[in-house]
Structure formats: C-alpha cells, structure tokens
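**Q** Make a model of this:
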Amino acid sequence: METDSPFLLAAVSLLSALQMGYLARRVGLSRITHKVLPPSVTGPPEFERTFRAHQNCVECYPVFLVTLWTCGLFFSEVTAAAGGLLYIIARQIYVNGYVKSTKKRLLGFYLTLAVFVTLSLLGLSGILHGILHKYFHIHL
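**A** Presented below is the predicted three-dimensional model:
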C-alpha cells in the first residue's frame, strides 16, 4: 500500500457516494408515502421538494468531485478532505431544509457554494503553482 496514496480524498468520496445513496432512498420512501409511481416526478409538494432536493444534489455532484480531487491533488489533501466533509454536511442541511420548505434550503445552498468556491480557488492556485514550477522554472 502506498503511503502517499490519497486515502482522505478516497474516504470523503466514498462517504459522499453513500450520502447520495441515502438521498436516493429518501426519494424512494417519499414515493411510497405519497403514492407517486415511477417515472412520474410530480405529486404532492412534499414529494416534489424531496425529489428536487435530491436531483439538485445529483447535478452538483460532478462539480464536487472535480473540485475535491483537484484541490486535494494539487493543493492539500487534508484541506480538501475537510472541505469535502463540510460539503457533505452542507448538502444534508440543504436537503433537510428543502424537504420542509424551499426557503429553508438557503443555508445549505450558501455553504455548498462557499465550499465549491474555496476548493476551486485552492485547486487552481495549486495548479498554477505547479505550471509555473514545471514549465517556467519559477519557484514561489
């Protein structure tokens, strides 16, 4: 086993995948509760909010994974993993709020946005540092 393997990034990625499975299960349970048969995505407002909350998480997931791994590989694995854990918490706050009311999703949304911006900027700074070092022999 490699000692420099990105264990923290892999652990956070796996935890986030489990969360996505949990959120999908919530949609399934909401379908049963509100008697909304697939493939229908309309029904009572409670079901539609649960469905939309999950769908929004699905739409954000590729952005999360790219920013997590970019930050982790080119800036700091520990910082990226901490950001990834914050993302998981933010998404849970988002979903829990959205299921209750669309207005209650905002705290989770803003936390998620802050994580995306932070991971992106840190990853970009790491990439730029690497490019300057490797291709232009500039050592910052």
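**Q** Now for Thr67: which residues touch it?
**A** Thr67 makes contact with Val115, Phe116, Leu119, Ser120, Gly123, according to C-beta atoms under 8 Å, 6 or more residues apart in numbering. In this view, the C-beta of every residue, glycine as well, is placed from N, C-alpha and C.
**Q** Surely the second one and Val63 touch.
**A** Yep, that's Phe116 we're talking about. Yes - proximity of Phe116 to Val63 meets the contact threshold set by C-beta atoms under 8 Å, at 6.2 Å.
**Q** more crowded one of those two?
**A** Neighbour count, other C-beta atoms under 10 Å: between Phe116 and Val63, Phe116 has more, with 19 against 14.
**Q** can you give me the helices in the protein?
**A** Counting by DSSP state H, the chain has helices at residues 7-34, 45-74, 77-100, 106-136.
**Q** Export those helices as TSV, with columns for mean pLDDT.
**A** Shown next, in TSV, are the helices of the chain (pLDDT from 0 to 100):
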stretch	mean pLDDT
helix 7-34	98
helix 45-74	98
helix 77-100	98
helix 106-136	98
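**Q** Excluding chain neighbours, what is closest to Tyr94?
**A** Gly108 (2.6 Å; C-beta to C-beta, 6 or more residues apart in numbering).
**Q** And that neighbour, how far from Phe51?
**A** Separation of Gly108 from Phe51 (C-beta to C-beta, to the nearest Å): 16 Å.
**Q** out of everything not next to it in sequence, what's closest to the most centrally placed residue in the chain?
**A** Nearest residue to the geometric centre of the chain (C-alpha atoms, centre = their mean): Phe64, 4.3 Å. Closest residue in space to Phe64, ignoring its immediate chain neighbours: Tyr87 at 5.7 Å, by C-beta to C-beta, 6+ apart.
**Q** Please apply the same query to Leu65.
**A** Per C-beta to C-beta, 6+ apart, closest to Leu65 is Ser13, 6.6 Å.
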